[in-house]
Structure formats: C-alpha cells, structure tokens
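**Q** no sequence on this one, just coordinates:
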DNA sequence: CGAACTGTATTACTTGACCGATACACCACG
DNA sequence: CGTGGTGTATCGGTCAAGTAATACAGTTCG
C-alpha cells in the first residue's frame, strides 16, 4: 500500500492518512480481510510519530472502515454486500437531507439543483 | 433581521454570522438598499464583542455580499438579479460539493444518488 | 465645534488542534 | 515466561485561530 504525506500542506497529517486509507478501501485496493501495515511500520516509512498513525486508524475504526483487534494490526472488516449497500445509502441520505432543505429555502428550482448535483458527481469522478 | 448564535457549537461565531447574513441576502429576506444593524446593536443583541461582528461584516464585504461605508452601517449593494441568482447557486454548490465527494467515496452509483436527492427535494416541498 | 452615532486597527489573552516522547497493555511464538 | 511484535493512554509542548479590551477615525446633526 502506498501512502504519501506532506507535512507542509496545511492539512493535518492524520487527516491525510485517513483520506488515503479510506480511498484505498473504497476503491478496492485494500480488500476485506487484508491487514493495514503496523503503526510502527507506517511511522518509520512516513517519518511520523506512531501516535499520529494510531489517531488516524482510530478515526477510521469509528467510521467502520477498519476493525481494531487488541494487540494485532487493524484489518479491513468483512461486511456483507447487501447491508453495506443500505448503510451507504443511509449515510448519503443523512448528508443530503439538510442540503435539500437549504436548496428549497434558497428558492432554487428542484431541477436546477438536481442538475448541479449531477454535474458535481461527474466532476468528482475526474 | 433574526440572527442566532451558539458559542458552543464548535463553529466560530464570526462564521455563523457570515453564513446567516449571506443566506438572508441570498434568500431575499435582506434586500438591496437595506442596512445591516450596527455592529454595536448586533453586539449587544448577540452578546458578543463588536470586533467579532466587524470581522464577519468585513468578510462579507470582501465577498461582495455587503458594501462598506466609512462611519455608516453596512448595506446590501444594489446588484442585478442575475448575479443574485449566481450567488444562490454558488451557496448550493458549496453545500453540495462535499456530499458529492462523499457519494463517490461510498461508491454509490451517481444515478442512485441523483434519484435520492430528487426524492428528498420533493419530500421537502410537502 | 461637540455629542452621539458609525466602523475598525491594534494589541493581548485564551483556547484548542496537532504532534510527539514516553510508558504501558495485549498477543504470538519459541 | 520472555522476547519481540502489536496498538494506545497519558502527558506536555507548540502554534495558530478565535475572541475580546481598548482606543482611535469617519459621519451626522445640532
């Protein structure tokens, strides 16, 4: 697994790590059952304190992206496909609902809002 | 004009004020030509330091949402309807972008996400 | 001019985020 | 049980953001 960290980017190191691992899991580069390299390994490789790594992994664990096992490395949990899908939609809905409310309060036409969202989704894909 | 501030929300006070005034202007509740209450009035009403109010109004002025007049209260500038519309869309886009990113990270199919958003917009209408 | 408004530049304090050093707890294995 | 692996709780230092106290500058109106 490849991780890159820039201490001068203004973005906190632990957050850079969170984002990259999250992406690796989402993209399938890191599959269920696979272990994340140990905190000290990553620590040495990135030139960062082990605690900083641990902090990132803890956040990912709270988010359900990783599973923590005392005395052993973190691992990508093995979640069933169907419940995982429902979970994702639930998370998305939770994030999307307040935005829908805001769109209405701003008086933006629903079709306009939908078009904007579609454009952002495509853009994001890159 | 109604402003509400929560000092314990984790969001900086000056930013809460910026968001609310920006929203009031975009939604038409605060119209071109209208004056914003004086910094000391808002200061007393919200229980915060005048400088905090001033900081918020300065940011809004840099953003073109308000106009500054030395020795006199800030005022909503007289702008063409077209730019006001762009402003609303800009605000919506800003709220929508992180959600689009999240949708992608969750691996939700773009069309599924769009459908969900459309449903929420309709629901909201009631 | 002077009084009573307006906004804000300057300065200083407080708070919290971030990061790292240290030390401790758990696990595998000879 | 000891050695070498794992993760992390605790504490402390550093630094920037947020907030506030003070004092000063422009405007209006008498």
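**A** Done, it's in. Small disclaimer: the values here were computed from a predicted structure and weren't measured. Numbers count the residues shown, from 1 in each chain, chains lettered A, B, ... in the order given.
**Q** got the contact list for whatever residue of chain A ends up closest to DNA strand D?
**A** Nearest residue of chain A to DNA strand D: residue A:38, at 3.0 Å (Cβ to the nearest atom of the strand). C-beta here means a position set from N, CA and C on the backbone, and glycine is covered the same way. By Cβ atoms under 8 Å, 6 or more residues apart in numbering or on different chains, the residues touching residue A:38 are residue A:73.
**Q** could you check how far it is from residue A:50?
**A** Applying Cβ to Cβ, to the nearest Å, the value for residue A:38 to residue A:50 is 9 Å.
**Q** just residue A:20 next, same as before
**A** 17 Å.
**Q** can you give the contact residues for the helix or strand hosting residue A:21?
**A** Assigned by DSSP states H and E, residue A:21 belongs to helix A:13-26. Outside helix A:13-26, the residues within contact range by Cβ under 8 Å, 6+ apart are A:1, A:3-7, A:9, A:30, A:36, A:42, A:46, A:48, A:52-53, A:55-57, A:59-60, A:63, A:65-66, A:76, B:105-107.
**Q** residue closest to the middle of chain A?
**A** residue A:22 (3.5 Å; Cα atoms, centre = their mean).
**Q** hang on, residue A:11 in a helix?
**A** No. Going by DSSP: H, G, I helix; E, B strand; the rest coil, the assignment for residue A:11 is coil, not a helix.
**Q** let me know how buried residue A:110 is, in neighbour terms.
**A** 17 (other Cβ atoms under 10 Å in any protein chain shown).
**Q** let me redo that: residue A:24
**A** 19.
**Q** now do the contacts for the spatially closest residue to residue A:98 that is not a sequence neighbour.
**A** Excluding the flanking residues, the one nearest residue A:98 by Cβ to Cβ, 6 or more residues apart in numbering or on different chains is residue B:95, at 7.9 Å. Contacts for residue B:95 (Cβ under 8 Å, 6+ apart) come out as A:98, A:99, A:102.
**Q** how far away is residue B:95 from DNA strand C?
**A** 21 Å (Cβ to the nearest atom of the strand, to the nearest Å).
**Q** can you check residue A:86 too?
**A** Using Cβ to the nearest atom of the strand, which is the criterion applied here, residue A:86 is 31 Å from DNA strand C.
**Q** check residue A:66 too.
**A** 17 Å.
**Q** for DNA strand C, give me its nearest residue in chain A.
**A** Counting by Cβ to the nearest atom of the strand, chain A gets nearest DNA strand C through residue A:71, at 2.6 Å.
**Q** need phi/psi at that residue.
**A** The phi/psi pair for residue A:71 (degrees, to the nearest 10) reads phi 80, psi 0.
**Q** just give me the neighbour total for residue A:63.
**A** 11.
**Q** now swap in residue A:53 and tell me
**A** Neighbours of residue A:53 using other Cβ under 10 Å come to 25.
**Q** in a helix, it, correct?
**A** Yes. Per three-state DSSP, residue A:53 lies within a helix segment.
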